[in-house]
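>>> quick one: sequence plus predicted model below, questions after.
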Amino acid sequence: MRPSPFCILLIFLLGANAATASDLMQDRAATQRWLSQRAAASSMAPKPGLTRVVLPPVTPAESEQFIQSRVLPPNLNPRGTGTKSLVPSAPPSIAELARALRNDVDLVYEYVRNNIEYYPVWGVQKGALGTILDNQGTAFDQAALMVALLRQAGHTANFVKGRIALTGAELGAWYGVSTANACSVQQLLAAGRIPVAELFSVMGGCTAVSSLQIDHVWVKVDIGGTDFHFDPSFKPHTFKTGIDLAAASGYDATSYLNAAKVGATVTPDYIQNLHRANVRANLASYAGNLATHVRTNLPAGELADLVGGMKIAPHAGAISGKRHCRTRT
């Protein structure tokens, strides 16, 4: 499910103009310390052509302070002076989707909950329509989509901003990441600027996450005079590991490379005149073997069955039964 790590070759040249042996020893010691620091962070090292920024964690107080400090244009939402309403109407796709869902609260919730993928970024990124088009969105985006659908259906629906408590297992199933390292989880939340009130690890430090509290956004809807809370963006996933593609296709790196080098010129700097017929024949053979394996063993499979991945675990609650919400504060 993750790309194989890149091998990075680091070459360090000591200055040729070191005046004394002690200077040379100091240079070597400094280089060794630098190498040790790089080795400790090698898994997080930026790849060529990319710049990685490590952002500090955000507390709820810092997030709220930043939001309140933003200055909005004075005419952002002007009051109407004529008969024409300035309230924006929902796009046709919102209206049609609400109608297709029979204007039913539970069906609206289940549509967003079961079909829209979540990604951990704080704030609005796409809005209601963009979330439909991309089939993914933040907690704000998914709440916006559910609110838009419910309002289109004639319900009174609003946003709720609060704080949720999660276990490490719940976060892992929701985000689709390992929670074995609390420091990595903290960096993930910081990168998305998601406010973290508290985060505890099992043994302290960077051990596995035991519990945490983060700020979150969900939906409140009035049904028959009673407010019910729905959290459409919280959704656990099921995970698939995929198959052994090399075994299924019959690929062997050594034999493939040897066949490609037949008649070729190979030097430490370049390779020339690869045996194209052997390369094409082997690739065709691997493709045929893989296709046969899929037809035999995964006739109704999908991409995740081959290469691995995660999929939303669908909610299948009774339409007229218990309302679908988690305990929120």
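Alright, I've got the coordinates. Numbering: from 1, shown residues only.

>>> so Pro60 is in contact with Asp215, correct?
Yes - at 5.2 Å, Pro60 counts as touching Asp215 under the criterion of CB atoms under 8 Å. All C-beta atoms are positioned from the backbone trio N, CA, C, and that covers glycine.

>>> any residues in contact with both of the two?
Residues touching both Pro60 and Asp215 (CB atoms under 8 Å, 6 or more residues apart in numbering) are Arg163, Pro195, Ala197.

>>> checking the last one next. Helix, strand or coil?
Yep, that's Ala197 we're talking about. Of the three states, Ala197 takes strand under DSSP: H, G, I helix; E, B strand; the rest coil.

>>> state the distance from it to Arg163.
6 Å (CB to CB, to the nearest Å).

>>> so what sits against both of these two?
In contact with both Ala197 and Arg163: Pro60, Gln213, Ile214, Asp215, using CB under 8 Å, 6+ apart.

>>> so of these, which ones are in helices?
Pro60 (DSSP state H).

>>> which of the shared contacts of Ala197 and Arg163 ranks first by neighbour count?
For these, the largest neighbour count, defined by other CB atoms under 10 Å, is 21 neighbours, found at Ile214.

>>> what residues are up against it?
Arg163, Ile164, Leu166, Leu189, Ile194, Pro195, Val196, Ala197.

>>> nearest residue to the third one other than its sequence neighbours?
The shortest distance from Leu166 to any non-neighbouring residue, by CB to CB, 6 or more residues apart in numbering, is to Leu212 (5.7 Å).

>>> these two touch, right, the one you found and Ser201?
No - the criterion here is CB under 8 Å, and Leu212 misses it with Ser201 at 9.4 Å.

>>> would you list every one of the helices in the stretch 1-150 of the chain?
For the stretch 1-150 of the chain, the helices defined by DSSP state H, counting those that start in this stretch occupy 21-40, 60-69, 92-100, 105-115, 127-134, 139-152.

>>> what strands line up against the next helix or strand after the last one, and which way round?
Toward the C-terminus, helix 139-152 is succeeded by strand 156-167 as the next helix or strand (DSSP states H and E). Looking at strand 156-167 with DSSP bridges, its paired strands and their directions are strand 209-223 (antiparallel).

>>> in the strand it pairs with, what counts as buried?
Along strand 209-223, these residues count as buried under the neighbour rule (16 or more other CB atoms under 10 Å): 209-221.

>>> equivalent analysis for stretch 60-73, please.
Pro60, Ser63.

>>> mean confidence score for it?
For stretch 60-73, the mean per-residue pLDDT is 87.

>>> pull the residues that contact that stretch.
Trp122, Arg163, Arg193, Pro195, Val196, Ala197, Asp215.

>>> 10 Å instead, please
For stretch 60-73, contacts defined as CB atoms under 10 Å, 6 or more residues apart in numbering pick out 56, 58-59, 122-123, 161, 163, 193-198, 213-215.

>>> what do you get for stretch 294-302?
Lys240, Ile243, Ala248, Asp305, Leu306, Gly309, Lys311.

>>> correct me, but the first one touches Gly309?
Yes - counting by CB atoms under 10 Å, Lys240 touches Gly309, with 5.9 Å between them.

>>> which of the contacts of stretch 60-73 sits closest to Val177?
Nearest to Val177 among these is Ile194, at 13.1 Å by CB to CB.

>>> Gly154 - how many residues pack around it?
8.

>>> per-residue pLDDT of it, please?
On pLDDT, Gly154 comes in at 95.

>>> likewise Ser22?
52.

>>> dead centre of the chain: give me the residue that sits there.
Central residue of the chain (CA atoms, centre = their mean): Tyr119, 4.6 Å from the mean position.

>>> check contacts around it.
Contacts of Tyr119 by CB under 10 Å, 6+ apart are Gln125, Asp134, Gln136, Gly137, Thr138, Ala139, Asp141, Tyr175, Gly176, Gly192, Ser233.
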